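> show me the folded form of this:
(one chain, ligands or ions: 4)
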Amino acid sequence: MSPKVDLHIHTSYSDGAYSPIEIIDKAYASGLSIISITDHDSIDGIRDAIIYGKEKGIEVIPGLELSTDIEDKEMHLLAYFIDYENEELNKYLKFFREERLYRAKRIIQKLRNLGLNIKIDDVLDRAKNSSIGRPHIAYTLVDLGLVKSYAEAFEKYIGDYGPAYERKIHISPQSALKLINEAGGLSFIAHPGYMKESILLNIIKSGIDGIEVIHPSHDENQINFYRGIVNQYCLLETGGSDFHGGKKNDEGNLGNYYISINHVDAMRKMLLKNTA
Ligand code: AMP
Ligand code: ZN
Ligand code: FE
Ligand code: FE
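Ligands and ions are numbered 1, 2, ... in the order given. Here you go, the predicted model:
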């Protein structure tokens, strides 16, 4: 059997349920040979995964899923083969995380002004290592009995037009691409299934290296469509399970959404070309 490759996995360093060590054990049990740890806006889980992966015979490609914004919508970019010690990248990720924390504090203050008894520490307990976002606040509001459901938290308070909403910092896909390039990595559009074609073409023109074709949210038609685009524009293909574990109920996905090793070989060739 040819080796199975999953290049989209989260750990507890963002919003995944498992530590990098637990992920390696699970990847091993799922028959994967090569994985990438792609936490949201964090590279802190990579080192442990690489070290323990070596012990278990699993190659770990250093990765990252960056949040960017375009036309007021969030767009995720996947990065692979990054130098995770790159200074600019580390500086940006630290800044991003601090900004998210300040923003969460502003949202909490607005909620308190509305008479809700919620404290930032309640939310921080939930967010653990990950960069803090509205979902953490929504779950905390549910836990504290201040709303009946996760959806109600957004509808009544923290949704885009809610009374406790605060904007977060924005980074354009183009700036993110630059950051990834300078850290020696390759950049991919993550799960484009929902994306307007004009936006997709724009990002391709900006110099993206590839597209995520295999993803649990993509049906057969989308897979064929995005593979067509990859071929048409001579791009690279990636894919994986976008595994989080825990509340996401996606335990069955690990080992079932994967790409072939040919795609990783193509990435390595591209990296060689970039450094030549
Ligand atoms: P943030 O990045 O902190 O602004 O949080 C964005 C996340 O909040 C999205 O990825 C969604 O998971 C969630 N979210 C945003 N709006 C809603 C909504 N109206 N209902 C439920 N979840 C939402
Ligand atoms: Zn996630
Ligand atoms: Fe994503
Ligand atoms: Fe993801």
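> residues contacting residue 10?
16, 37-40, 65, 242-245 (C-beta atoms under 8 Å, 6 or more residues apart in numbering). (Each C-beta comes from the backbone N, C-alpha and C, glycine too.)
> distance of it from residue 98?
21 Å (C-beta to C-beta, to the nearest Å).
> repeat for residue 104
To residue 98, residue 104 is 11 Å away according to C-beta to C-beta.
> compare these two (neighbour count), which wins?
residue 104 (22 against 12; other C-beta atoms under 10 Å).
> and the more buried one, what element?
Assessed by DSSP states H and E, residue 104 sits inside helix 87-113.
> what about the residue of the stretch 1-150 of the chain found nearest ligand 4, how many residues close to it?
Closest approach of the stretch 1-150 of the chain to ligand 4 (C-beta to the ion) occurs at residue 65, with a separation of 4.8 Å. The burial count assigned to residue 65 is 24, neighbours taken as other C-beta under 10 Å.
> make sure it is indeed in a helix.
No. When the secondary structure is assigned by DSSP: H, G, I helix; E, B strand; the rest coil, residue 65 falls in strand instead of a helix.
> kindly state the beta-bridge partners for it.
Partner residues in beta bridges with residue 65: residue 40, residue 78, with DSSP bridges as the criterion.
> poorly predicted segments of the protein, please.
Within the chain, the stretches with pLDDT under 70 are 129.
> excluding its backbone neighbours, what's nearest the residue of it found nearest ligand 4?
Among residues of the chain, the one nearest ligand 4 by C-beta to the ion turns out to be residue 242. It sits 4.3 Å away. In space, not counting the residues next to it along the chain, residue 242 is nearest to residue 8; the distance is 4.7 Å by C-beta to C-beta, 6 or more residues apart in numbering.
> verify the contact between the one you found and residue 78 for me.
Yes. Counting by C-beta atoms under 8 Å, residue 8 touches residue 78, with 6.6 Å between them.
> what do these two both touch?
Each of 36, 38, 63, 65, 190, 212, 238 lies in contact with both residue 8 and residue 78 under the rule C-beta under 8 Å, 6+ apart.
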